[in-house]
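Colleague: missing the sequence, but the structure's below:
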């Protein structure tokens, strides 16, 4: 049974990962900004699914609420406010720009592919299933919330300051007369 | 364990985001590609959190807050630029 569950987890993981990669590629290649934004929403939903597979259920909910909900609505709102729905002829860079972009992308992918073989040192790695056990003990939200309001309280409060600064900055920038 | 595959998927998503920033001209699409890169890094954090403790998940929480702030300010800047370039 555990064997079957493990294989099913891997299968679900690759299903989410495949759709995420394909829709991210669609997001980059679509000419129309609205289509790009909607493909990005698909990618964010798939990432939420990957979070669930990786034992981060609370973050998956936050991902859907904050990213797919709030941030992408902001993007679509600005696209429609500026009436950019068509996508112009100069949306992509020229042949040289595309070539340089492709070469740099391949180089970066080769460099990052080393990560595949990365394994955390055994001295600090937790035994498999620790996160699931902790979630069963503390609850899905409690696992994240307890350290957040304990060891990470000061960074958490500073985040509220950051959001306040962002609100003030956005209002000042969006005023008619700069 | 899915650490290696997660890091591979995250690397691919990050590369797609970088490619988008490099080849696109539309400011809003470039901005969306930056969001894609942030999400790829979030996936790395979550994958490591499964093996190294819950601190990684808390970092994702902070990254989301920073991304929300960045989106608000960045889109306000883009609005100001478009207004400056094409006054109504």
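Modeller: Everything's here; your move. Please read these numbers as outputs of a predicted model, since none were measured by experiment.
Colleague: for the closest residue to residue A:124 other than its chain neighbours, what are its contacts?
Modeller: Among residues not flanking residue A:124 along the chain, residue B:52 sits closest, at 6.3 Å (CB to CB, 6 or more residues apart in numbering or on different chains). Where C-beta positions appear, they are placed from N, C-alpha and C, glycine not excepted. Residue B:52 makes contact with A:120, A:124, A:125, A:126, according to CB atoms under 8 Å, 6 or more residues apart in numbering or on different chains.
Colleague: The helix or strand of chain A with the lowest mean pLDDT close to chain B?
Modeller: When each helix and strand of chain A is scored by mean pLDDT, DSSP states H and E, helix A:130-138 comes last, with a mean of 85. Yes - using CB under 8 Å from any CB of the partner chain, helix A:130-138 comes into contact with chain B via A:131, A:134.
Colleague: Kindly report the domain assignment for chain A.
Modeller: What automatic domain parsing lists as the domains of chain A is A:1-87, A:128-178.
Colleague: most tightly surrounded among those?
Modeller: Most buried of the domains of chain A, by mean neighbour count (mean count of other CB atoms under 10 Å in any protein chain shown): domain A:1-87, with a mean of 18.
Colleague: how far out from the middle of the chain is that one?
Modeller: 7 Å (CA atoms, centre = their mean, to the nearest Å).
Colleague: which intervals of chain A have sub-threshold pLDDT?
Modeller: A:1, A:87-89, A:176-178 (pLDDT under 70).
Colleague: what about the longest helix in it?
Modeller: helix A:2-29 (DSSP state H).
Colleague: elements contacting that one?
Modeller: helix A:33-53, helix B:3-23, helix B:27-52 (3 or more CB pairs under 8 Å, 6 or more residues apart in numbering or on different chains; DSSP states H and E).
Colleague: Can you give me the distance of the closest residue to residue B:49 other than its chain neighbours to residue B:64?
Modeller: Nearest residue to residue B:49 in three dimensions, chain neighbours excluded: residue B:56, at 3.0 Å (CB to CB, 6+ apart). Look at residue B:56 and residue B:64: by CB to CB, to the nearest Å, they are 13 Å apart.
Colleague: which element follows the least confident helix or strand of chain A toward the C-terminus?
Modeller: The helix or strand immediately downstream of helix A:130-138 is helix A:140-148, counting by DSSP states H and E.
Colleague: what's that next one in contact with?
Modeller: A:57-59, A:131, A:134-135, A:138, A:156, B:54-55, B:57-58, B:61.
Colleague: redo that, cut-off 10 Å
Modeller: By CB atoms under 10 Å, 6 or more residues apart in numbering or on different chains, the list of residues contacting helix A:140-148 from outside reads A:55-62, A:131-132, A:134-139, A:152-153, A:155-156, B:49, B:53-55, B:57-58, B:60-62.
Colleague: and it with helix B:27-52, angle?
Modeller: Computed with axes from the mean of the first three to the mean of the last three CA atoms, to 10 degrees, the direction of helix A:140-148 lies at 90 degrees from that of helix B:27-52.
Colleague: how far does helix A:140-148 sit from the chain's center?
Modeller: In terms of CA atoms, centre = their mean, the centre of helix A:140-148 is found 20 Å from the chain centre.
Colleague: Would the helix or strand following it count as contacting chain B?
Modeller: Going down the chain from helix A:140-148, the next helix or strand is helix A:153-174, by DSSP H and E. Yes - Helix A:153-174 reaches chain B (CB under 10 Å from any CB of the partner chain) through A:155-156, A:158-160, A:162-174.
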